[in-house]
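*Asks:* Generate coordinates for the sequence data below:
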Amino acid sequence: MFLAGDIGGTKTALSLFSADGGPRESARKAVFRSRDYASLEEIVTHFLADAIAQSAGDRTRATDDVNVTSAAFGVAGPVIDHEAKITNLAWTVTRQALADLLQLDSHRVQLLNDLEATANAVPQLLPEDVQTLHGGRPVAHAPIAVIAPGTGLGQAYLTWDGTQYRPHASEGGHVDFAPCNQLQLDLLNYLYQTYDHVSFERVVSGQGIPSIYQFLRDTGRAVEPATLAMELTRADDPTPVIMSRTAEFPICQQTLDVFVEILGAKAGNVALSLMSRGGIFLGGGIPPRILPALRDPRFLKPFFSKGRFSAMMAQIPLHVITNPETALLGAACAAMAQA
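*Replies:* Okay, the predicted model is just below:
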C-alpha cells in the first residue's frame, strides 16, 4: 500500500492506494480539518487507525500493522531540506518524523510543495479533469506552468527532461504585486497601510478577496448594503459570502471583476517568465467556481496583453483544473515512484 496526502491550511486529505489499482483508485480516503489537529502526524495516526479498524474490525490494533511501503505528501509551504513550515497553519512537517511514524526508511517518504504535487499530476490529467479557456498552439515538451489561487496563491512548473516532465516548486505567489492600472495602484497603496510587503497572494487568493472588497468599500468605489455587512460580520470566512453574492450586490461583482483582472495579469506574467508554451493550468479551489468570469475579457485580456509578446501569448493554451483531487493524485504518483 502507498500513502498520499494533500496538506493545506484549511483541510488535509489522505489516501491509501495500491500498485494494482493505481493512483486514481483509492482503497481508503478521508478529509480532515487541519486546524482541529496539532500536527500532521496526529492526522496520519488517526487515519491509519481508522483504516485498520475498517479492515480488521479492531481499532485497538497498532498503526504499524498497516503495510505502507512508501508515502508522499504535498504540503502548503516551501520544502527545504525535507522540512516544511505550513504557510497558513502553525505546523512544521518533517520527512524524518513521518518516516519514524510509518516505520519506513526516510528515502521512502517524500515531501513536496503542494503546487509541486499538483504539477506532478498534470501529465496524468484526463479531458474530464480540465476546462479549456483558450486552446492556443501548445509546443511539445515546452515548459508548463501551474498557478493556483485557493487559501493562498500557489505556483509551480514542469520541464521536460528528455523522457518525461519533471515538476519544480516555486514560491512565485509571494512576489511583489504589480499594479496594471490606476485602480490597482490605489489598491496597492491601500494595502500598504496594513502590510509592509504586498505580494500577489495578498490580492489573488481566498485571503485577498476580502481585501479587495474592503478597498472598494472604504475608498467609496462601491456601496456596502447593510444586509450584506451584517452577513459578513456573522461569517467565519467572508470570502464565500462575497463570491456567492455577485448577482445580488454590485460590490461583490466589482470585487470579482478586480480579482480576475489581476489574476489574468499574474497568469500572463508567469507564462512569459517561464516561456510556458506547453500551457498554463489554473488550479486551486477558486478557478473552478468562477469559470464564467475566467472566460470573460476581464481575465483574458490582461493575460494576453504583454506588449511586443502579445502574439506569442495568444499561442499559449490556458486551462482550468476542475478535478479537486489533483494535488492528491500528484502525491500518489510521487509515492508510487518511491517504491
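*Asks:* Kindly tell me how buried residue 218 is, as a neighbour count.
*Replies:* Residue 218 has 12 neighbouring residues, counting by other CB atoms under 10 Å. For every residue, glycine as well, the C-beta is placed using N, CA and C.
*Asks:* Distance check, the spatially most central residue of the chain against residue 146.
*Replies:* Residue closest to the average C-alpha location in the chain (CA atoms, centre = their mean): residue 284, at 3.7 Å. Residue 284 is 9 Å from residue 146, where distance means CB to CB, to the nearest Å.
*Asks:* Was I right to think the residue nearest to the centre of the chain contacts residue 155?
*Replies:* No: checked against CB atoms under 8 Å, the pair residue 284 and residue 155 is beyond contact range at 10.2 Å.
*Asks:* list the residues that contact both of the two?
*Replies:* 147-148 (CB atoms under 8 Å, 6 or more residues apart in numbering).
*Asks:* measure the closest residue to residue 173 other than its chain neighbours to residue 10 for me?
*Replies:* Taking CB to CB, 6 or more residues apart in numbering, and ignoring the residues beside it in sequence, residue 173 has residue 153 as its nearest neighbour in space, at 3.3 Å. Going from residue 153 to residue 10 by CB to CB gives 14 Å.
*Asks:* So these two - more neighbours on which side?
*Replies:* Counted by other CB under 10 Å, residue 153 and residue 10 do not tie: residue 153 has more neighbours, with 28 against 15.
*Asks:* Now the element after the host helix or strand of residue 265, going C-ward?
*Replies:* If you go by DSSP states H and E, residue 265 is part of helix 250-274. Per DSSP H and E, the first helix or strand lying C-terminal to helix 250-274 is strand 279-282.
*Asks:* chain center to that next one, what's the gap?
*Replies:* Offset of strand 279-282 from its chain centre (CA atoms, centre = their mean, to the nearest Å): 12 Å.
*Asks:* Quick one: list the elements packing against that strand.
*Replies:* Under the contact definition 3 or more CB pairs under 8 Å, 6 or more residues apart in numbering; DSSP states H and E, strand 279-282 sits against strand 144-149, helix 250-274, strand 318-321.
*Asks:* what comes into contact with the first one?
*Replies:* Applying CB under 8 Å, 6+ apart, the contact partners of strand 144-149 are 115, 118-119, 122, 153-158, 165, 172-173, 204-206, 208, 263, 266-267, 270-271, 274, 276, 278-287, 321.
*Asks:* Pull the contacting residues for the residue nearest to the centre of the chain.
*Replies:* Residue 284 sits next to 147-150, 153-154 when contact means CB under 8 Å, 6+ apart.
*Asks:* now the strands: where do they sit in this structure?
*Replies:* 2-7, 11-17, 26-33, 70-75, 79-80, 83-85, 92-94, 109-113, 130-134, 144-149, 153-160, 165-170, 279-282, 318-321 (DSSP state E).
*Asks:* Now the fourth one: buried residues?
*Replies:* Spelled out, it's strand 70-75. 70-75 (16 or more other CB atoms under 10 Å).
*Asks:* Then the second one?
*Replies:* For strand 11-17, the buried set under the neighbour-count rule, 16+ other CB under 10 Å, comprises 12-17.
*Asks:* and those residues as CSV, adding pLDDT and distance to residue 240?
*Replies:* Compiled in CSV, those are given as follows (pLDDT from 0 to 100; distance: CB to CB, whole Å):
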residue, pLDDT, distance to residue 240
12, 93, 20
13, 95, 19
14, 96, 24
15, 95, 26
16, 94, 31
17, 90, 31
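*Asks:* which of the residues you listed lies closest to residue 186?
*Replies:* Closest approach between the buried residues of strand 11-17 and residue 186, by CB to CB: residue 12, at 37.9 Å.
*Asks:* Distance check, that closest one against residue 121.
*Replies:* Distance, residue 12 to residue 121, using CB to CB: 17 Å.
*Asks:* can you check residue 28 too?
*Replies:* Plainly put, residue 28 is 20 Å away from residue 121 if you go by CB to CB.
*Asks:* The two: which is more packed in?
*Replies:* Neighbour count, other CB under 10 Å: between residue 28 and residue 121, residue 121 has more, with 28 against 17.
*Asks:* Nearest residue to the more buried one in space, please, no chain neighbours.
*Replies:* residue 330 (3.5 Å).
*Asks:* Would you agree the one you found is in contact with residue 119?
*Replies:* Yes: with contact defined as CB under 8 Å, residue 330 reaches residue 119; the gap is 6.8 Å.
*Asks:* residues shared between the contacts of those two?
*Replies:* Shared contacts of residue 330 and residue 119 (CB under 8 Å, 6+ apart): residue 167.
*Asks:* check contacts around residue 289.
*Replies:* The contact partners of residue 289, by CB under 8 Å, 6+ apart, come to residue 243.
*Asks:* Quick one, grab the pLDDT at it.
*Replies:* pLDDT for residue 289: 95.
*Asks:* go on, residue 55?
*Replies:* Confidence at residue 55, expressed as pLDDT, is 60.
*Asks:* Repeat that for residue 185.
*Replies:* Looking at residue 185, its pLDDT is 98.
*Asks:* One more: residue 59?
*Replies:* At residue 59, the pLDDT value in this model is 48.
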